[in-house]
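okay, sequence plus prediction incoming.
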Amino acid sequence: MKKELKKLVEKNKFLFWDCKTYGLDESAIVERFLNYAEMDQIRDLIKILWYDRMREIFKWQIVKTRLNYVEPAVVNLFISYFKLKNEIPYRDTIERAKKSAFFYQTI
């Protein structure tokens with residue numbers, strides 16, 4: 001993990017309240033920030049990983065079978081932010097996000 005990324009994770013340790021922060025890969029960090037961080041914190045992460053890398057990680061995460069994003073609104077916001085609407089099966093992704101969010105709400 002990059003020094004800057006490690007510092008950012010330590011600064012925002014409260015986002016990782018349920019897990020250890022050492023040994024996390026970029027994908028897990030991006031997912032956690034996009035789910036729970038505020039926009040200023042997300043901008044700090046983009047400064048470290050760069051927009052293209054964040055976009056690539058998010059795109060890879062949402063085309064997988066299982067979505068780990070808590071709210072469909074989060075998925076929709078970052079699909080728009082990273083301009084992915086024409087590159088992914090948008091409606092299918094939003095429907096899967098709704099089902100995933102329903103699962104989290106019923107626990």
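Ah, there it is. Numbers count the residues shown, from 1 in each chain.

what sits against the most centrally placed residue in the chain?
What sits nearest the mean C-alpha location of the chain, by Cα atoms, centre = their mean, is E31, with 2.8 Å. Contacts for E31 (Cβ atoms under 8 Å, 6 or more residues apart in numbering) come out as 61, 68-69. In short, each C-beta sits where N, CA and C put it, glycine included.

out of those, which is most surrounded?
Most neighbours among the contacts of E31, by other Cβ atoms under 10 Å: Y69, with 22 neighbours.

hmm, back to that, what's the closest of the contacts of E31 to I42?
Nearest to I42 among these: Y69, at 13.5 Å, using Cβ to Cβ.

once you drop chain neighbours, what's closest to that closest one?
V75 (5.0 Å; Cβ to Cβ, 6 or more residues apart in numbering).

give me the below-cutoff pLDDT ranges for this protein.
101-107 (pLDDT under 70).

what segments of it are helices?
All helices of the chain, identified by DSSP state H, fall at 3-11, 26-36, 39-49, 51-63, 72-81, 90-106.

out of those, which comes closest to W17?
helix 26-36 (9.0 Å).

okay, buried residues for the closest one please.
Within helix 26-36, the residues that qualify as buried are 26, 28-34, 36, counting by 16 or more other Cβ atoms under 10 Å.

the inter-axis angle of it versus helix 72-81?
110 degrees (axes from the mean of the first three to the mean of the last three Cα atoms, to 10 degrees).

circling back: what about the residue nearest to Y69, how many residues nearby?
With other Cβ under 10 Å as criterion, V75 counts 26.

surely it touches D92?
No. Between V75 and D92 there is no contact under Cβ atoms under 8 Å: 11.5 Å.

let's have the helices of the chain in TSV, adding distance to K20.
Conversion of these to TSV gives the following (distance: least, Cβ to Cβ, whole Å):
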stretch	distance to K20
helix 3-11	11
helix 26-36	11
helix 39-49	19
helix 51-63	20
helix 72-81	24
helix 90-106	22
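
which of these sits most buried?
helix 26-36 (a mean of 19; mean count of other Cβ atoms under 10 Å).

that concludes my questions; thank you for your assistance.
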